[in-house]
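Participant: output the structure for:
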Amino acid sequence: MGLFDKIFNEVPEEDKLSKQEAFAGIALAMAGADGSISQAEWDGIVNYIRRLRLYDNFSGPAFDKMFDKLFRILKSQGASALVASSIDGLPDDLKLTAFACAVDIALADGVVEDDEKDIINQLAESLQIPEETAISIIEVLIIKNKA
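Facilitator: Model prediction:
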């Protein structure tokens, strides 16, 4: 990483994310990687989040505030920047789960665009997921999404 990369890749203080925001941020970045968020992708995000204990204490207004912040980052800085911000706030015990969620969302609409593939690759590398593990997760989620 060059000197300018270090300066421009620093996450502004207002964009630092809690673990809840970070998990949802990865999901949202995956859904928005191709420039739009389909209903199937949005439903995938909501379904994942509602099942996780991580969000047990979140009310409707808390969800709205969280997604307002994440959409702001996504719109102003793009999906890759949202992934980078999210990775900083994601604890180790949620990395595989966040990766699986992102892959599932990418597969939800039946088409994995090149931008989505790029985000999946960025996630696998940034989250330090071994290639064999990443491939296994992708294969299982392809099977899940065929039905």
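Participant: distance of T97 relative to I129?
Facilitator: Noted for T97: a distance of 11 Å to I129, by CB to CB, to the nearest Å. Glycine gets a C-beta too; all of them are placed from N, C-alpha and C.
Participant: so which of these two has more stuff around it?
Facilitator: I129 (18 against 15; other CB atoms under 10 Å).
Participant: who's in contact with the residue nearest to that one when sequence neighbours are not counted?
Facilitator: What sits nearest to I129 in space, not counting adjacent residues and going by CB to CB, 6 or more residues apart in numbering, is F99, at 5.6 Å. Going by CB atoms under 8 Å, 6 or more residues apart in numbering, F99 touches I26, L123, A124, L127, I129, A134, I137.
Participant: any chance of TSV for those, columns secondary structure and pLDDT?
Facilitator: Output for these, formatted as TSV (DSSP: H, G, I helix; E, B strand; the rest coil; pLDDT from 0 to 100):
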residue	secondary structure	pLDDT
I26	helix	95
L123	helix	93
A124	helix	95
L127	coil	94
I129	coil	96
A134	helix	96
I137	helix	96
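Participant: could you dump those to JSON lines with distance to G89?
Facilitator: Converted to JSON lines, the contacts of F99 look like this (distance: CB to CB, whole Å):
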{"residue": "I26", "distance to G89": "10"}
{"residue": "L123", "distance to G89": "14"}
{"residue": "A124", "distance to G89": "18"}
{"residue": "L127", "distance to G89": "12"}
{"residue": "I129", "distance to G89": "17"}
{"residue": "A134", "distance to G89": "21"}
{"residue": "I137", "distance to G89": "21"}
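Participant: which of those tops the neighbour count?
Facilitator: Neighbour max across these (other CB under 10 Å) = I26, 33 neighbours.
Participant: that residue reaches L96, doesn't it?
Facilitator: No. Contact criterion CB atoms under 8 Å: I26 and L96 do not qualify, at 11.7 Å.
Participant: what is in contact with the two at once?
Facilitator: Between them, I26 and L96 share no contacting residue, judged by CB under 8 Å, 6+ apart.
Participant: that older thread, check which residues of the strand or helix carrying the residue nearest to I129 are buried.
Facilitator: Assessed by DSSP states H and E, F99 sits inside helix 95-108. Going by neighbour count (16 or more other CB atoms under 10 Å), the buried part of helix 95-108 is K95, A98, F99, A100, C101, A102, V103, D104, I105, A106, L107, A108.
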